[in-house]
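K.L.:
below: sequence and its predicted model.
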Amino acid sequence: MADNPATAAQLLKLGRLLDTDPEQLRYLESLGAEGLRKLRELASEQLFASYEDRLQRMAQASKLVPLSVALPMAEKSAPPRLMAAVAGLIETDRVVKAAPRISPQFMADLAAYLDPGRARPAIEAAPLEVARKVAKIIVDRQDLITMGNLISAVTDDALAACLPFLDDGSIVALGSVIDDRPRVDHLFGLLPDARLSGVARAATENNSWPELLGLMGDLSSAAQQRFGNVVAAQEDRVRSAVMQAASENRQLDVLTSFLDGMTPMSLTQFAQTTALAQPQLLADLASTSWTGVLRLVPYLPDEVLDRLTGLADLREPTVQAKMLADAVALNLESGILPLLPRLDGTVLAQLASQDQLQRDDVLDGFVRAAIREGQWSNLLPLVRHLPEAARKHVSELAGNLDQSELREAFASASRAGQLSSMLDVTADMPEQQRVAAVETIVADAGDEDLLGTGLPEAEQEAVWTKLLALSNGAPEQLLSQLGEQAALLQLDNVVPTVMAAAQKSGNWESALKVISSVDSTATAMGVGAAFDVPKGLLEQAAKQAQELGLGDQLGGLVSALGQGAGQSVQLAVGFAEGANALQLAPAKEAAAKVVSGLAGRLAGMLRKDDKS
């Protein structure tokens with residue numbers, strides 16, 4: 001028999017019509033299933049036309065004999081093939097009367113030769129109970145060819161009544177032999193989710209996923225998506241089996257149709273499938289359709305995301321363009337965002353140069369997705385590589401965020417080590433929005449480490465460099481509050497860091513006001529710290545303090561210049577007893593006070609925890 005199940009079924013049907021062993025017809029196999037079906041229909045038409053007059057006379061003659069006499073005679077002497085040919089010519093009301101009087105076994109025999117097209121009225125008219133009995137016999141005989149023919153003509157009630165006789169594995173085989181392909185969709189529509197689950201498990205046990213996936217092309221989109229959600233709810237071995245079969249048999253388009261209709265819960269389950277750990281399967285799925293991959297991405301484990309971003313195809317500009325086009329067309333930007341932090345700078349630069357990412361509406365979609373999905377930190381690596389005009393547009397969009405969205409954006413960036421990039425975005429906001437950004441930093445500095453205290457020293461300096469630029473022109477009270485937060489969070493090194501940032505950015509006024517607030521806050525708390533500051537940097541700070549008219553507040557900067565020798569000077573904060581904001585302290589005494597101050601700071605934090 002033919003290797004293709006559909007072709008094999010058509011050879012069997014043709015052999016039955018011609019009363020010939022199907023093996024003798026294998027030379028016709030090259031016609032394929034559809035070609036054989038058309039050949040069978042032509043042969044059936046020709047045979048019926050040759051004997052139509054004779055069959056009509058037989059149908060008319062049957063009216064002359066009472067049913068009580070005709071039916072027993074027919075069962076004993078008339079071949080099932082002949083009775084099947086006549087059945088389509090008998091009036092429907094007579095069929096209804098005759099059906100209960102014919103044995104189900106004989107009806108199952110003649111059903112094998114019925115032409116659903118000609119006998120449809122007779123098939124539809126069969127009483128439901130008769131249909132059930134006949135169907136059971138046909139199923140028991142494992143004659144799915146006959147069952148497939150009858151499905152084209154039976155009523156929905158009759159079909160539903162027959163389904164319990166079919167095991168889950170037979171559904172796949174049955175679907176493959178139905179000529180009227182729209183009825184396949186109807187068949188699956190009548191199956192409850194529990195039966196569909198059984199069909200999926202049977203396909204796994206019987207290695208019949210290629211055949212089952214082949215049937216999906218006959219289902220409506222809604223039916224495919226329903227089945228996809230059922231598959232997602234199965235155990236890993238079932239999900240892995242369907243993925244493996246789809247990849248090996250080039251049926252990944254069906255898998256994509258499943259993904260298109262999956263609920264978030266189903267996508268979560270499907271994303272945990274162990275088969276996705278295979279790089280080739282991921283590559284095949286991506287090359288078939290990025291839409292399916294992008295729907296899965298937000299739910300994929302980190303190790304699978306790492307493999308996905310390692311695909312060589314992602315370095316191809318044409319692949320990047322296709323991925324972006326699919327994402328934009330179907331609002332799947334959230335499927336690209338988790339990939340961005342995993343891409344190297346070269347790929348990010350290529351992606352950022354794509355024409356689509358120069359469009360304001362496309363950037364709008366990515367920003368909305370980043371805020372909606374809490375993935376702002378994932379967007380920032382791409383923003384860094386965007387051309388200037390595109391970066392400024394992202395900053396404009398960030399300026400439209402409400403307070404809670406802005407807080408979440410900063411928090412997300414800080415947790416991901418992207419605080420410096422977030423400050424770059426806010427730097428291009430209008431002044432009012434920049435002030436709002438500083439207010440957000442001050443409010444959440446402690447909870448979300450928005451001053452970068454957990455970062456390495458060089459990165460802390462970069463954060464403060466950008467923070468001072470952002471704070472330029474901010475109200476003095478806000479700068480004071482920023483200094484208070486800095487004193488609470490990073491007193492041990494904040495003054496040298498802020499000075500170095502001011503030297504780099506030139507924003508000395510904001511820096512000196514922050515430092516003044518740091519000192520006054522530390523003094524008020526009774527907590528102190530001492531730092532080694534390069535003498536040249538201290539000289540520059542003192543000069544700027546005088547020029548900006550801040551000498552009275554920061555007199556300690558000036559007095560410190562007269563102390564110490566060499567390239568660095570020790571500067572202390574938080575030890576002032578008088579009005580001086582910054583004082584020099586002998587190293588030994590400062591060290592003792594630092595220890596005492598840190599102990600007091602720790603005790604204060606513990607008291608705060610006790611109160612909360």
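P.N.:
On my side now, so go ahead.
K.L.:
CA-only coordinates of stretch 282-301 in CSV, if you can.
P.N.:
The C-alpha coordinates for stretch 282-301 follow below in CSV (Å, rounded to 0.1, in the frame of the first residue of the first chain):
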residue,chain,number,x,y,z
LEU,A,282,14.4,27.2,17.3
ALA,A,283,16.1,28.1,14.1
ASP,A,284,13.5,26.3,12.0
LEU,A,285,10.7,27.9,13.8
ALA,A,286,12.2,31.4,13.4
SER,A,287,12.8,30.8,9.7
THR,A,288,9.2,29.7,9.2
SER,A,289,7.6,32.6,11.0
TRP,A,290,8.9,35.1,13.5
THR,A,291,5.3,35.7,14.7
GLY,A,292,5.2,32.4,16.5
VAL,A,293,8.6,32.9,18.0
LEU,A,294,7.8,36.5,19.2
ARG,A,295,4.6,35.2,20.9
LEU,A,296,6.6,32.7,22.8
VAL,A,297,9.6,35.0,23.7
PRO,A,298,8.1,36.7,26.8
TYR,A,299,7.5,33.3,28.4
LEU,A,300,10.8,31.5,27.4
PRO,A,301,13.3,30.5,30.1
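K.L.:
tell me the contacts of residue 370?
P.N.:
Listed by C-beta atoms under 8 Å, 6 or more residues apart in numbering, the contact set of residue 370 reads 333, 337, 376, 378, 379, 409. Just so you know, the C-beta spots here come from the backbone N, C-alpha and C atoms, and that holds for glycine as well.
K.L.:
how much space between it and residue 412?
P.N.:
Taking C-beta to C-beta, to the nearest Å as the measure, residue 370 falls 8 Å from residue 412.
K.L.:
need the overlap of contacts for those two.
P.N.:
residue 376.
K.L.:
would you say residue 533 is within a strand?
P.N.:
Yes - checked against DSSP: H, G, I helix; E, B strand; the rest coil, residue 533 lies within a strand.
K.L.:
what is the helix or strand residue 307 falls within packed up against?
P.N.:
Assigned by DSSP states H and E, residue 307 belongs to helix 302-309. If you count contacts as 3 or more C-beta pairs under 8 Å, 6 or more residues apart in numbering; DSSP states H and E, helix 302-309 packs onto helix 279-288.
K.L.:
name the residues of the helix it packs on that come out as buried.
P.N.:
281, 282, 283, 284, 285, 286, 288 (16 or more other C-beta atoms under 10 Å).
K.L.:
which residue ranges of the stretch 351-500 of the chain form helices?
P.N.:
Assigned by DSSP state H, counting those that start in this stretch, the stretch 351-500 of the chain shows helices spanning 360-372, 376-385, 388-399, 403-415, 419-427, 431-448, 457-471, 476-490, 494-505.
K.L.:
output the contacting helices and strands for the shortest one.
P.N.:
This points to helix 419-427. Using 3+ C-beta pairs under 8 Å, 6+ apart as the test, helix 419-427 ends up in contact with helix 376-385, helix 388-399, helix 403-415, helix 431-448, helix 457-471.
K.L.:
tabulate those (JSON lines), appending distance to residue 40.
P.N.:
JSON lines is the format used below for these (distance: least, C-beta to C-beta, whole Å):
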{"stretch": "helix 376-385", "distance to residue 40": "58"}
{"stretch": "helix 388-399", "distance to residue 40": "62"}
{"stretch": "helix 403-415", "distance to residue 40": "64"}
{"stretch": "helix 431-448", "distance to residue 40": "72"}
{"stretch": "helix 457-471", "distance to residue 40": "75"}
